[in-house]
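[1] Structure of the sequence below:
(chains A, B and C)
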Amino acid sequence: MPEGHTLHRLAAQVNAVFSGSPWRVSSPQGRFAAGALRLDAEVPRHAEAWGKHLFVHLDTRIWHVHLGLYGAFSFRGDSSFAAPPSIGAPRAWTAELRPRYDDDGWLIPEPPQGAVRARVQARHGWADLRGPATCAVLEPGEHALILARLGPDPLRQAPDTSATAERERFLENLARRRMSIAAALMEQAVIAGVGNIYRAESLFLESIAPETPSNELSASRAAALWDRLSQQLRTGVREGLIRTLRTEGDRRHWVYQHQGTACLRCGELIAARELQGRRLYWCPGCQLR
DNA sequence: CATCGATGTTTAA
DNA sequence: TAAACCTCGATGC
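    Predicted coordinates:
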């Protein structure tokens, strides 16, 4: 699940269950032992997402997490710990917890299962982080450096404000590149938070051929693409999954992972090919140059 | 038990 | 362009 919507959801969840109170941080796996010690000594104040990055601001330090392709947080706790089982890559379902408490009144967590890079505990529950691409305590200045390399994030813009500076930045970023629009949308410096599913689904719904050179897309179509992605990401945050297709059944996408089947709009067979190491999906009938 | 693939990114060649 | 990295669930023998 880790496209931008997942990280914004995760930030909200971390704020809901951790921000403002002391926590206990450990690294059962051991690979984040030194970092965990530094985080354990401070209070988490505020979590925020920028594109696919999560930052948790503590008193003086910042915890940086990037889930990569298959990282995930799993949450467990007693009835007052309101959290979904997992945010990130799909994880196995676990049985209901029988809460027991220590002498300080803190919930006693279960022994960690598998490779838990970081465990953060609150009084009534905890979260386990597995498989992140990045899990680090930032040095001064690193936060700003990471943000400087990110393009505009549609989820950090007020919705329904039509001509915004953020959207203008996106149009400028596209106009400056000769690569295909399909390649450009995956560049986090062009637009932050878009991944393989949103790329495929936004280009399909805007009827844009993926190989169209980024700088040949008209300003009006580029603006419509931003608005489309903005709306899709917002739906993703609201629903907790990527649904770009409204149907009665379980199908959630128009083209993503539907190669070889008939396009629901025009009947042409949906195509797929490898582009820079990722699968690209599109409808050759709807997405003409 | 082995292999593969996944909503990602960086580094090396 | 390819490989490396982070982890685990699904699939295949």
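
[2] Could you give the residue of the stretch 151-289 of chain A that lies closest to DNA strand B?
    A:Gly195 (1.9 Å; C-beta to the nearest atom of the strand). To be clear about C-beta, it is placed using only N, CA and C from the backbone, and glycine gets the same treatment.

[3] Nearest residue to that residue in space, ignoring adjacent ones along the chain?
    With C-beta to C-beta, 6 or more residues apart in numbering as the measure, A:Glu3 is the residue that lies nearest to A:Gly195, at 3.7 Å, once sequence neighbours are left out.

[4] any idea how far that neighbour lies from DNA strand B?
    From A:Glu3 across to DNA strand B, the span is 4 Å (C-beta to the nearest atom of the strand, to the nearest Å).

[5] list the contacts for that residue?
    Taking C-beta atoms under 8 Å, 6 or more residues apart in numbering as the criterion, A:Glu3 is in contact with A:52, A:193-198, A:233, A:236, A:242.

[6] one step back: any idea how far A:Glu42 is from the residue of the stretch 151-289 of chain A closest to DNA strand B?
    In this structure, A:Gly195 and A:Glu42 are separated by 31 Å, where distance is defined by C-beta to C-beta, to the nearest Å.

[7] Pick out whichever of those two has more residues nearby.
    Comparing A:Gly195 with A:Glu42 by neighbour count (other C-beta atoms under 10 Å), the higher total belongs to A:Gly195, at 21 against 17.

[8] The more buried one touches A:Met186, doesn't it?
    Yes. In terms of C-beta atoms under 8 Å, A:Gly195 counts as a neighbour of A:Met186; the distance is 7.4 Å.

[9] Check the burial of the residue of the stretch 51-200 of chain A found nearest DNA strand C by counting its neighbours.
    Closest approach between the stretch 51-200 of chain A and DNA strand C, counting by C-beta to the nearest atom of the strand: A:Gly114, at 2.5 Å. Close neighbours of A:Gly114, defined as other C-beta under 10 Å, add up to 12.

[10] from what I can see it touches A:Thr94, true?
    No. With contacts counted by C-beta under 8 Å, A:Gly114 stays clear of A:Thr94, the gap being 11.6 Å.

[11] For the closest residue in space to A:His143 that isn't next to it in sequence, give me phi and psi.
    Leaving out its chain neighbours, the residue that sits closest to A:His143 by C-beta to C-beta, 6+ apart is A:Ile62, at 5.4 Å. In terms of degrees, to the nearest 10, the main-chain angles of A:Ile62 are phi -130, psi 130.

[12] which residues of the stretch 51-200 of chain A fall in helices?
    A:142-148, A:165-175, A:181-185, A:196-205 (DSSP state H, counting those that start in this stretch).

[13] Which strands or helices does the last one pack on?
    Just to be clear, that refers to helix A:196-205. Contacting helix A:196-205 under the criterion 3 or more C-beta pairs under 8 Å, 6 or more residues apart in numbering; DSSP states H and E are the following elements: helix A:181-185, helix A:219-239, strand A:278-282.

[14] Using a markdown table, please lay out the ones you listed together with mean pLDDT, mean neighbour count and distance to A:Gly71.
    Output for the helices and strands packed on helix A:196-205, formatted as a markdown table (pLDDT from 0 to 100; neighbours: other C-beta atoms under 10 Å; distance: least, C-beta to C-beta, whole Å):
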| stretch | mean pLDDT | mean neighbour count | distance to A:Gly71 |
| --- | --- | --- | --- |
| helix A:181-185 | 98 | 23 | 22 |
| helix A:219-239 | 97 | 18 | 17 |
| strand A:278-282 | 96 | 20 | 17 |
